[in-house]
Structures are given as structure tokens and as C-alpha cells.
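Chemist: build me a structure from this.
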Amino acid sequence: MSISSSINNDLKNAMKSHDKVGLTVIRMIKTDLMNEKIKLGHDLSEDEELTVISREVKQHKESISDFKKANRDDLVETQESEMKVLEKYAPKQLSQTEIDEIVSETIKSVGASNMSDFGKVMGAVMPKVKGKADGSLVQKSVKNNLK
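Modeler: From the prediction side, this is the model:
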């Protein structure tokens, strides 16, 4: 089942079950997907849909971090409950071990040897982990492997 049809089914179920958080998040995702479709001028591929969802997950993580710093536990709670719904549609995230393996393989394949090759390694790694790993985790792994 495609992401769009899954979202549409979940929207109906959220309406029937009066799930306000789920309804809000699903409508937000549908709006984001529609805006991206209009922006690109064509129906979205599954990869493009995952990019939009990953962008939304990243925004929520940043908001949670900011709200925690500001001691706004009420807003943290809201963002975390929305994240649970969003994660249902987001691609499965790679573990730190899997990220480290991909980084070390990429370092070998591009012939990187020191920190001056950081950009080259990041440029080669990011397409491999697109949507499946947080960029900051990848960056930390690359720095640790290029010491």
C-alpha cells in the first residue's frame, strides 16, 4: 500500500475514532504532501513522499529540543504525541552501528584519509542514508572515522 493511500485510510479511521492528535497530524501530512506536489508540478514518488515526512519529523524533533530548553513541558508533550503518529509513516531509522558501517565503507570507497576529505565523505554518505538517518549522527560518525 502506498503512503498516500495509507494516510487516507488512517485519516478516515482517525475521524471515526475521534482521535484529535492523529487527525491533526494526518491532515498536516496531507497538506505538506499536496504543497510539495504543487511545487514540483507532478505526482510525488514514494521517495519524494518520504522526504516530506522526514522533513516534518526533523522539524518536530527540533521543536521538542527547543521546548525542553525553554521548560515548556506542555508543548513537549504535544510534540511527542504528534511524533508518534508521524513515525508511523517515516522510514525506519538506521542504528548508530549501521550508520558507522556505511560511513566506514564509504570512506574506503572514496579513498578518504583525513578531515580534509570530510565534505567528500558526507556527500557520498548522505544519499545512501537519505531519510533513514539524522544528518547530525552521520556527521558525528564521519568525524570519528576520519580522525
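
Chemist: what pLDDT does the model give residue 1?
Modeler: For residue 1, the pLDDT comes out at 57.

Chemist: which intervals of the chain have sub-threshold pLDDT?
Modeler: Applying pLDDT under 70 to the chain flags residues 1.

Chemist: all strands for it, in order.
Modeler: With strands called from DSSP state E, the chain shows none.

Chemist: find the centremost residue of it, please.
Modeler: Taking Cα atoms, centre = their mean, the centroid of the chain lies closest to residue 54, which sits 2.6 Å from it.

Chemist: dump the residue contacts of it.
Modeler: 90, 91, 130, 131 (Cβ atoms under 8 Å, 6 or more residues apart in numbering). C-beta coordinates here come from the backbone N, C-alpha and C atoms, glycine included.

Chemist: what's the spacing between it and residue 14?
Modeler: Counting by Cβ to Cβ, to the nearest Å, the separation of residue 54 from residue 14 is 21 Å.

Chemist: quick check: residue 103 touching residue 142?
Modeler: Yes: at 5.5 Å, residue 103 and residue 142 qualify as touching, with contact defined as Cβ atoms under 8 Å.

Chemist: around residue 45, count how many other residues there are.
Modeler: For residue 45, the tally of surrounding residues (other Cβ atoms under 10 Å) stands at 11.
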